[in-house]
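Visitor: What would the 3D arrangement of this be:
(chains A and B)
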Amino acid sequence: GNSVTQMQGQVTLSEEEFLFINCTYSTTGYPTLFWYVQYPGEGPQLLLKVTTANNKGSSRGFEATYDKGTTSFHLQKASVQESDSAVYYCVLGSYQGGRALIFGTGTTVSVSP
Amino acid sequence: GGIITQTPKFLIGQEGQKLTLKCQQNFNHDTMYWYRQDSGKGLRLIYYSITENDLQKGDLSEGYDASREKKSSFSLTVTSAQKNEMAVFLCASRGSNTEVFFGKGTRLTVV
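Guide: Now for the predicted structure:
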């Protein structure tokens, strides 16, 4: 079936450090993959989207590259700021079930000044 | 732009109680979703609806009912609240070729 795996539950960094969050997925066919970000007290919001057509997405300094061979979809940012502290979800788009999104378990990123 | 409004923001219920959570969207989106968010478990789909009066079960539908009487609103009922249950319920909507937008959530505590 369709699933997403995020192994890192928590990442703690200082400002200007490099962020890397690992994600792997399982699906048949050609997936659409997303990273959603959730700030305290808010609902998740779309950070970036990648389809098989373009392999790579970027937004607000974040980049994600999709690799069909390793079924991975990692998120990275070269230099984080305190305002990047949030929960990041790796998300798989589904063509079934009302096109509902399938979420990973989330990675809490804490950035100290 | 549009907005998704969830009420109430906080809900405290008693064991065995029937509790209803409400969601309104003004995007004019056809599809709406209810997700449950537990710490360390991500978001799991409870119910979704692709149009007014349509209801479809997600992976976590047991113990819940839903209602979509209007295109703009989607309600979720916890049929019998479980003691010590604590979770955030998130409502979302999607248009025909748009991203999925989320509300801010209802935080449920059962005492």
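Visitor: Could you point out the longest strand of chain A?
Guide: What stands out as the longest strand in chain A, according to DSSP state E, is strand A:86-93.
Visitor: which regions of chain A sit below the pLDDT cut-off?
Guide: Where chain A drops to pLDDT under 70, the residues are A:53-54.
Visitor: residues in it within reach of chain B, list them.
Guide: Contact residues, chain A versus chain B (Cβ under 8 Å from any Cβ of the partner chain): A:9, A:41-46, A:49, A:89, A:97-101, A:103-106. In this view, the C-beta of every residue, glycine as well, is placed from N, C-alpha and C.
Visitor: rerun that using 10 Å as the cut-off
Guide: Listed as neighbours of chain B in chain A under the rule Cβ under 10 Å from any Cβ of the partner chain: A:1, A:4, A:6, A:9, A:34, A:36, A:38, A:41-46, A:49, A:87, A:89-91, A:93-94, A:97-106, A:108.
Visitor: Which ones among the residues you listed lie within helices?
Guide: Of those, none are assigned to helices by DSSP state H.
Visitor: Show the buried residues in these.
Guide: Those of those that meet the buried threshold are A:4, A:6, A:34, A:36, A:38, A:43-44, A:46, A:49, A:87, A:89-91, A:93-94, A:97-106, A:108, by 16 or more other Cβ atoms under 10 Å in any protein chain shown.
Visitor: Assess the claim that residue A:95 and residue A:101 are in contact.
Guide: No. Residue A:95 lies out of contact with residue A:101 (Cβ atoms under 10 Å); the separation is 11.6 Å.
Visitor: okay, and the common contacts of those two?
Guide: Jointly contacting residue A:95 and residue A:101 under the rule Cβ atoms under 10 Å, 6 or more residues apart in numbering or on different chains are residue A:32.
Visitor: any idea how far chain A is from the spatially most central residue of chain B?
Guide: Nearest to the mean C-alpha position of chain B, counting by Cα atoms, centre = their mean, stands residue B:34 at 3.3 Å. Relative to chain A, residue B:34 is positioned 10 Å away (Cβ to the nearest Cβ, to the nearest Å).
Visitor: in the helix or strand harbouring that residue, what's buried?
Guide: Assigned by DSSP states H and E, residue B:34 belongs to strand B:31-38. Under the neighbour-count criterion of 16+ other Cβ under 10 Å, strand B:31-38 has B:31-37 buried.
Visitor: Repeat that for stretch A:106-113.
Guide: Buried-residue list, stretch A:106-113, by 16+ other Cβ under 10 Å: A:106-109, A:111.
Visitor: what's residue B:13 in contact with, if anything?
Guide: Contacts of residue B:13 by Cβ under 10 Å, 6+ apart are B:19, B:78, B:80-83, B:85, B:108-111.
Visitor: Most neighbours out of those, which is it?
Guide: residue B:78 (22 neighbours; other Cβ atoms under 10 Å in any protein chain shown).
Visitor: Appreciated, that's everything.
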